[in-house]
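Asker: Got a predicted structure plus its sequence, pasted below:
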Amino acid sequence: MSSEFLAAIVLAIPLFAATNIDNLILLTGYFADRRLRVAEVLAAQFAGMALLILASLLVAGGVLALTDGHVVLLGLLPIGIGVYKLCQRRLADPDVSGSIARPRGQ
């Protein structure tokens with residue numbers, strides 16, 4: 001096992017824990033609900049995690065097929081989606097101003 005791979009694993013563990021705090025809160029609520037059986041909650045949790053891992057592996061495989069220059073362009077995707085949605089909204093309602101909120105009565 002290379003040191004880079006080991007370093008990635010050591011970094012991934014706390015990152016995974018930090019991003020799953022909200023999941024732990026939801027699981028606490030599900031386990032507290034007496035209408036749900038523990039086996040159902042655990043099965044759903046494992047199925048959800050398996051789907052997330054599978055999706056991550058598929059995306060990682062797709063990214064490996066791209067060159068570095070193309071991977072960088074993927075960062076523009078969320079910006080493009082936001083601009084597209086903004087344009088859709090402006091075309092649907094041309095009276096919308098650029099401000100976030102308007103004072104009442106104006």
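Answerer: Structure received. Residues are numbered from 1 along each chain as shown.

Asker: now for the lengthiest helix in the chain, which elements pack on it?
Answerer: With DSSP state H setting the assignment, residue counts place helix 38-64 as the longest helix in the chain. Using 3 or more C-beta pairs under 8 Å, 6 or more residues apart in numbering; DSSP states H and E as the contact definition, the elements that helix 38-64 packs against are helix 21-32. Backbone N, C-alpha and C define where each C-beta goes, glycine included.

Asker: how about 10 Å then?
Answerer: Packed against helix 38-64, as judged by 3 or more C-beta pairs under 10 Å, 6 or more residues apart in numbering; DSSP states H and E, are the following elements: helix 21-32, helix 68-73.

Asker: could those go into CSV alongside mean neighbour count and distance to G48?
Answerer: As requested, those are exported to CSV (neighbours: other C-beta atoms under 10 Å; distance: least, C-beta to C-beta, whole Å):
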stretch, mean neighbour count, distance to G48
helix 21-32, 11, 9
helix 68-73, 10, 27
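
Asker: Considering the ones you listed, which stretch scores lowest in mean pLDDT?
Answerer: Among the helices and strands packed on helix 38-64, helix 68-73 carries the lowest mean pLDDT, a mean of 80.

Asker: ok, residues contacting that helix?
Answerer: The contact list for helix 68-73 (C-beta atoms under 10 Å, 6 or more residues apart in numbering) reads G62, V63, L64, L66, T67, G80.

Asker: Return the residues in contact with the third one.
Answerer: Applying C-beta under 10 Å, 6+ apart to L64 gives the contacts V71.

Asker: In CSV, list the C-alpha atoms belonging to the helix or strand of the chain with the lowest mean pLDDT.
Answerer: Counting by mean pLDDT, DSSP states H and E, the chain has its least confident helix or strand at helix 68-73, which shows a mean of 80. Below are the C-alpha coordinates for helix 68-73, written out as CSV (Å, rounded to 0.1, in the frame of the first residue of the first chain):
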residue,chain,number,x,y,z
ASP,A,68,-7.3,16.9,-16.7
GLY,A,69,-8.3,19.9,-18.8
HIS,A,70,-11.8,18.5,-19.2
VAL,A,71,-12.2,17.7,-15.4
VAL,A,72,-11.4,21.4,-14.7
LEU,A,73,-14.3,22.4,-16.9
